[in-house]
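>>> sequence-free structure coming up:
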């Protein structure tokens, strides 16, 4: 018999972990000499009380949904893809090449082309680590970390030496043609009011992220491949006994993971920057880890956690603007969420388990 | 390339290789005892910040060093708590600590000094170069004189400490009872437990040793190599050290050669930027910068002798009941 009901493990443990992280963050704000409640109000005001605030929150959330789904698909096969950042950067490169060198007549076609390129480049960037993990047992964490650095150097090299337009000093590619411009929320929803989402970067890729979430849900729980991925994560020897090839499933799961990370480029590079810049992933690849852990690797959880982190990102920018609290507070919160939900989860789970056991004894 | 250029390049190799060596040895103690540590970067980063901050405020390098070690040890304790006591995921704990360090250092630096997340320049409050005996008298001797004077002498104390720690680590690991137990707990913790030795205690000890060494590395970075703390100043060195550890296959002497090789690559990249091989073939500086990672992946691929980590590394130990 389980020590603890399933709902407590799925909802209560992450919730308490996040509250712990929030409490420590509040203490940090007090130590800086600001009022945590005031800070929270500024964050809510800036991120959720205006449509343009929502436009930023949802834009960041779109990035995190992609990278979070990527991490969670790998987690289902019990693999830790920490290379989301590199894969997202490569995905952005794919988007850039598709947008710059193919004359798209309309954005509806361009987004299909750039999505395919983004996913393909992202998947390509995890191919070597995936192969080495599956065939040679080289640890995926180490290799994907190395590939993050190699990706950053590669993009730096390409921007400085090849993609930079003539005469430009800035390491950035040329601006994409107008036909590849993705409709922003402002373009789409201005019939609700001329100020709706004005000046904010949320764009049609958000719906791509929603589709990806549903796709991952279907994949993991409603296909043969998803079953194979989960059984591999549950027990490699069990999976092998059931006739599942661990090498094949491992590589496929990681390629899907890399492709999802790469798709982030559609939102960040085509939807917002409209050209390739240095550090186009802005750390979203790493937030994917926090989001996947918090969302318990379920697409719905990842979606909700991404909105929360989108809110933190946008709220953090507001805090940096109006108070003496630097933006790096968000990095601290992110670290605490990863620590409490990912590494110290037993700190919460064990006492809860004994609590439930004690309650049950009382009942009987 | 004349002698003085070579000596300069090698001197720079030693300086850039030292933080890598310290962090690599830190990782060696931790991973040999079965606790994977990808938080080397973060520990060195908090250490670098507290070293520079306390040295600036108190005017004392020693207090800075102590603060660096203390901060790094606190991070080690959290890592130990997560990965030994609460049997959590060691990789995730390491990732979290790296982010914590990256955010926290800027947050505190901004609150204390208000200079955009860095400490004020340290000026003279830094590790002084140590001139070894007879360095000046021997300088006129051809070849050996300049090598002794410019390459071997004239580094700060932590460089010599780092090099000394290589034979010390070898001795501890292979010639002491503690070292035998440490290696055993990384290979087969169950056997160590059966022999009546506490697994948790051994692992905590090695994780704390790793913290101490990362503290030295961080302090050297901000208070020796550079004059103050700047945001993200460890700049991926923790991961290069991790790469060197794999390159060295978790052995101390190889760790020395691997870190010095990677130090040399950094020194070359720093000095020459793009390298022109003639005929229009140019090695871009970005390639030099990532060469350590590429070499490590080739090693990991097992084409040049397999790199096999300690068998129990990454696995939390659950006592049999």
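Okay, I see it. Just so we're clear, the structure is a prediction, and the values are computed from it rather than from any experiment.
>>> alpha carbons only for contacts and neighbour counts from here, please
OK.
>>> element containing residue B:235, please.
Here residue B:235 is covered by no helix or strand, with elements defined by DSSP states H and E.
>>> List of residues touching the helix or strand of chain B with the lowest mean pLDDT?
Lowest by mean pLDDT, DSSP states H and E among the helices and strands of chain B is strand B:275-276, with a mean of 75. With CA atoms under 8 Å, 6 or more residues apart in numbering or on different chains as the contact definition, strand B:275-276 has outside contacts at B:282, B:283, B:284, B:285.
>>> what's the third one in contact with, if anything?
Applying CA under 8 Å, 6+ apart to residue B:284 gives the contacts A:157, B:273, B:274, B:275.
>>> How many residues are close by residue 210?
If you meant another chain, say so; for now it's chain A. If you count neighbours by other CA atoms under 10 Å in any protein chain shown, residue A:210 ends up with 17.
>>> sorry, should have said chain B
Residue B:210: 27 surrounding residues under other CA under 10 Å.
>>> follow-up on the earlier one: output the contacts of residue B:284 in JSON lines, with distance to residue A:275 and neighbour count appended to each entry.
Formatted as JSON lines, the contacts of residue B:284 follow (distance: CA to CA, whole Å; neighbours: other CA atoms under 10 Å in any protein chain shown):
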{"residue": "A:157", "distance to residue A:275": "16", "neighbour count": "17"}
{"residue": "B:273", "distance to residue A:275": "27", "neighbour count": "16"}
{"residue": "B:274", "distance to residue A:275": "26", "neighbour count": "16"}
{"residue": "B:275", "distance to residue A:275": "29", "neighbour count": "15"}
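>>> want to throw these into JSON lines with distance to residue A:352?
Converted to JSON lines, those look like this (distance: CA to CA, whole Å):
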{"residue": "A:157", "distance to residue A:352": "51"}
{"residue": "B:273", "distance to residue A:352": "56"}
{"residue": "B:274", "distance to residue A:352": "58"}
{"residue": "B:275", "distance to residue A:352": "60"}
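>>> just curious, which of those is nearest to residue B:89?
Checking these against residue B:89 with CA to CA, the nearest one is residue A:157 at 35.4 Å.
>>> Let me see the contact set for the residue nearest to the closest one when sequence neighbours are not counted.
Of all residues not flanking residue A:157 in the chain, residue B:286 sits nearest, at 6.3 Å (CA to CA, 6 or more residues apart in numbering or on different chains). Contact analysis of residue B:286 by CA under 8 Å, 6+ apart lists A:153, A:154, A:156, A:157.
>>> what residues does chain A put near chain B?
Selection of chain A residues close to chain B by CA under 8 Å from any CA of the partner chain yields A:32, A:132, A:136, A:138, A:142-143, A:145-147, A:149-150, A:153-154, A:156-157, A:325-326, A:328-332, A:334-336, A:338-339, A:342-347.
>>> now with 6 Å?
A:138, A:146, A:150, A:153, A:328, A:331-332, A:335, A:338-339, A:343-344, A:346 (CA under 6 Å from any CA of the partner chain).
>>> returning to that earlier point: note down every partner strand of the least confident helix or strand of chain B and its orientation.
Taking DSSP bridges as the criterion, strand B:275-276 forms sheet pairs with strand B:282-283 (antiparallel).
>>> buried sites along the helix or strand following the strand it pairs with?
Using DSSP H and E, the helix or strand that follows strand B:282-283 towards the C-terminus is helix B:285-300. Along helix B:285-300, these residues count as buried under the neighbour rule (16 or more other CA atoms under 10 Å in any protein chain shown): B:285-294, B:296-297, B:299-300.
>>> what's the answer for stretch B:162-177, then?
Using 16+ other CA under 10 Å as the test for burial, stretch B:162-177 gives B:162, B:165, B:166, B:169, B:172, B:173.
>>> so where do the helices sit in the stretch 51-200 of chain B?
For the stretch 51-200 of chain B, helices defined by DSSP state H, counting those that start in this stretch occupy the ranges B:61-80, B:90-113, B:135-138, B:144-146, B:157-175, B:177-187, B:189-194, B:199-220.
>>> residues in contact with the fourth one?
The set of residues that contact helix B:144-146 without belonging to it, under CA atoms under 6 Å, 6 or more residues apart in numbering or on different chains, is B:138, B:139.
>>> Run the chain-centre distance for the least confident helix or strand of chain B.
Strand B:275-276 sits 29 Å away from the centroid of its parent chain (CA atoms, centre = their mean, to the nearest Å).
>>> what does stretch A:315-328 give?
22 Å.
>>> And stretch A:108-127, by the same measure?
In terms of CA atoms, centre = their mean, the centre of stretch A:108-127 is found 16 Å from the chain centre.
>>> buried sites along that stretch?
Using 16+ other CA under 10 Å as the burial criterion, the residues of stretch A:108-127 that qualify are A:110-111, A:113-127.
>>> Of the residues of chain A next to chain B, just the buried ones, PyMOL syntax please.
A single PyMOL command suffices to select whichever of these are buried according to 16+ other CA under 10 Å:
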select buried, chain A and resi 138+146+150+153+328+331+332+335+338+339+343+344+346
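>>> That concludes my questions; thank you for your assistance.
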